[in-house]
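Chemist: my questions are about this predicted structure, shown below with the sequence.
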Amino acid sequence: MNRNARVLLSSLVAAAVLLAPTGAGASDQNIAVATNVTDGTGVVDASVDFRVAANGVVDEENVAYAAASCVDCQAVAAAFQIVLVTRDYDTFVPYNEAFGANVACDRCLSWASAKQIIVVSDGAASLTGAGHQRMRALEESIEAIQPDLPGMSLTEVQAVLNAAFAELLDIAQTEIRRTDGGPQDAEVVASLSS
């Protein structure tokens, strides 16, 4: 890959990250970035995150950026997030974005997936310890495809990410518990995908 293509690729990824909305501040962002400039290889970055929306404001940001500039290479970014909020929220403006680009690429695959699940409860709640463990395992399972990525088709990559999202949804539905002694009433109210 020539120097101009590398500069363009770096600029695209930097612009995508810098231009992502930042109204909530860095602590409310979940970002996965995968860039690949090495021929015949695959790069995977996954970020699986759990947030509690504070002060009645649901404005968490979940973004995935993937870019490649090489020959026979792949870049996959997956940002998955569960956001827990009490039912009496005031502001609901979650942000979810996925962006993938091939720059001066020959036989490349760049795939970005951003999936965000909003869970509402009538009172204070949290993710169980088992839920945190499952989320860590989910992130590791997505990143574990990196060695096999050069031989995978887009359909196979999508199947892995669809299965990962199914696991995230199950975590959201089964691993959130009320901490204030109230009824177990957490429910998924929105699922955003990019």
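Modeler: Yep, that arrived.

Chemist: show the pLDDT at the residue positioned nearest the centre of the chain.
Modeler: Centroid check for the chain by CA atoms, centre = their mean gives Ala79 as the closest residue, at 0.8 Å. Confidence at Ala79, expressed as pLDDT, is 98.

Chemist: surely it is in contact with Asn62?
Modeler: Yes: applying CB atoms under 8 Å, one finds Ala79 in contact with Asn62, separated by 5.1 Å. C-beta: built from backbone N, CA, C; applies to glycine.

Chemist: quick check: neighbours shared by those two?
Modeler: 30, 49, 114-115 (CB atoms under 8 Å, 6 or more residues apart in numbering).

Chemist: Gly131: which of these is nearest?
Modeler: Gly131 has its nearest neighbour among the shared contacts of Ala79 and Asn62 in Asp49, at 12.3 Å by CB to CB.

Chemist: beta partners for the closest one?
Modeler: Asp49 forms beta bridges with Gln81, as assigned by DSSP bridges.

Chemist: how about the contacts made by it?
Modeler: With contact set as CB under 8 Å, 6+ apart, Asp49 has these partners: 30, 62, 79-82, 135.

Chemist: just Phe99 next, same as before
Modeler: Phe99 neighbours (CB under 8 Å, 6+ apart): 16, 63-66, 112.

Chemist: could those residues go into TSV alongside pLDDT and secondary structure?
Modeler: Shown next, in TSV, are these (pLDDT from 0 to 100; DSSP: H, G, I helix; E, B strand; the rest coil):
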residue	pLDDT	secondary structure
Ala16	51	helix
Val63	96	strand
Ala64	97	strand
Tyr65	96	strand
Ala66	95	strand
Ala112	96	strand
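
Chemist: what does the helix or strand where Ala159 lies rub up against?
Modeler: Element membership for Ala159 (DSSP states H and E) is helix 154-174. Contacts of helix 154-174 with the rest of the structure, by CB under 8 Å, 6+ apart, involve 48, 74, 76, 78, 80, 82, 109, 111, 113, 115, 117, 119, 127, 131, 134-135, 138, 141-142, 145, 149, 152, 188, 191, 193.

Chemist: quick one: Phe80 from Phe50, how far?
Modeler: 10 Å (CB to CB, to the nearest Å).

Chemist: just want to know which of the two has more residues nearby.
Modeler: Neighbour totals were compared for Phe80 and Phe50, and Phe80 leads with 29 against 22 (other CB atoms under 10 Å).

Chemist: got phi/psi on the residue nearest to the centre of the chain?
Modeler: Note on Ala79: its backbone torsions stand at phi -110, psi 110 [degrees, to the nearest 10].
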